[in-house]
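*Asks:* Okay, sequence plus prediction incoming.
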Amino acid sequence: MIVAFFCQGRNVIPYGEKTLRTRRNLIKFGILSAVAATSSLAFLRLYQKKYKVREILHYPAPLLRNKSDPVEIIDKNTIVLSQEMLATLKYRNLIDFFTKATLHKGISAPQVGVSKRLCICIIEGRFHVLINPEIIDKQGNFHSMENCMSLPEHGSLYITRSNYIKVKYKSLENNEMILELRNKNTALVEHEIDHLNGILYIDHHSFSC
């Protein structure tokens with residue numbers, strides 16, 4: 001019988017032995033992967049419970065088409081809502097980054113079942129809580145691909161937004177703030193403010209084509 005050999009440096013390993021080692025390594029890899037997956041799921045469940053992650057409403061949930069009410073008083077309830085929204089955004093990014101290679105940059109109160117004019121946007125790496133945001137100036141056009149946590153089945157669509165906006169809003173400290181934004185940040189904030197008005201990104205798609 002002819003026995004095949006593989007050479008590794010000065011060592012000569014029979015073909016059958018090398019195959020056995022390969023199988024053992026694959027089994028070890030599979031076990032380690034399963035352990036890692038189980039640990040990740042456990043971490044996500046712990047995070048979800050500890051930080052009170054909220055469910056994301058999916059289209060065609062009726063609330064997503066409602067115009068949200070203004071936040072009259074910035075109190076403890078407003079702060080708790082913003083914290084839970086932020087936790088929900090981080091949680092969804094942990095999942096969607098690994099399953100869909102997607103990172104979400106914003107979330108609005110209607111998406112978590114609260115009809116209030118409040119949204120959170122990640123702008124240049126910083127989290128901004130925008131309470132009662134209002135666009136007071138906008139100019140030009142900016143074209144980009146958008147997606148939405150509330151419409152996962154629609155995927156990314158080509159949307160036209162403004163290329164410059166000025167936004168007035170209240171902070172959690174009840175201070176009136178102004179943001180001037182361009183291009184991708186403009187698209188992000190316009191997308192989230194649309195949610196507060198019952199408008200979804202799919203509504204813009206036919207006009208962008």
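*Replies:* Noted; the coordinates are in hand. Residues are numbered from 1 along each chain as shown.
*Asks:* Would you mind pulling up the elements that the helix or strand hosting residue 99 packs against?
*Replies:* Applying DSSP states H and E as the criterion places residue 99 in helix 76-100. Applying 3 or more Cβ pairs under 8 Å, 6 or more residues apart in numbering; DSSP states H and E, we find helix 76-100 packed against helix 15-50, strand 106-108, strand 118-123, strand 126-139. To be clear about C-beta, it is placed using only N, CA and C from the backbone, and glycine gets the same treatment.
*Asks:* Now find how far off-centre stretch 156-172 is within its chain.
*Replies:* 17 Å (Cα atoms, centre = their mean, to the nearest Å).
*Asks:* before we move on, what about stretch 62-80?
*Replies:* With Cα atoms, centre = their mean, you get 20 Å for stretch 62-80.
*Asks:* what is the mean pLDDT for that stretch?
*Replies:* The average pLDDT for stretch 62-80 rounds to 98.
*Asks:* what's next to that stretch, contact-wise?
*Replies:* Applying Cβ atoms under 8 Å, 6 or more residues apart in numbering, the contact partners of stretch 62-80 are 57, 108-111, 113, 115-118, 131-132, 150, 170, 172, 174, 195-198, 200.
*Asks:* so of the residues you listed, which ones are in helices?
*Replies:* 195-196 (DSSP state H).
*Asks:* Run through the chain and note the low-pLDDT ranges.
*Replies:* In the predicted model of the chain, residues 1-40, 206-209 satisfy pLDDT under 70.
*Asks:* Okay, buried residues for stretch 170-180 please.
*Replies:* 170, 179 (16 or more other Cβ atoms under 10 Å).
*Asks:* scratch that, stretch 88-98
*Replies:* Quick answer for stretch 88-98 (16+ other Cβ under 10 Å): 88-89, 91-93, 96.
*Asks:* and stretch 140-150, C-alpha only, in PDB?
*Replies:* Listed next in PDB are the C-alpha coordinates belonging to stretch 140-150 (Å, rounded to 0.1, in the frame of the first residue of the first chain):
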ATOM      1  CA  GLY A 140     -29.600  72.500  -1.700                       C
ATOM      2  CA  ASN A 141     -29.700  68.800  -2.300                       C
ATOM      3  CA  PHE A 142     -27.800  65.800  -1.100                       C
ATOM      4  CA  HIS A 143     -28.200  62.300  -2.400                       C
ATOM      5  CA  SER A 144     -27.400  59.200  -0.400                       C
ATOM      6  CA  MET A 145     -28.500  55.600   0.500                       C
ATOM      7  CA  GLU A 146     -30.700  55.300   3.600                       C
ATOM      8  CA  ASN A 147     -32.200  52.500   5.600                       C
ATOM      9  CA  CYS A 148     -34.300  52.300   8.800                       C
ATOM     10  CA  MET A 149     -34.700  50.100  11.800                       C
ATOM     11  CA  SER A 150     -38.400  50.300  11.500                       C
END
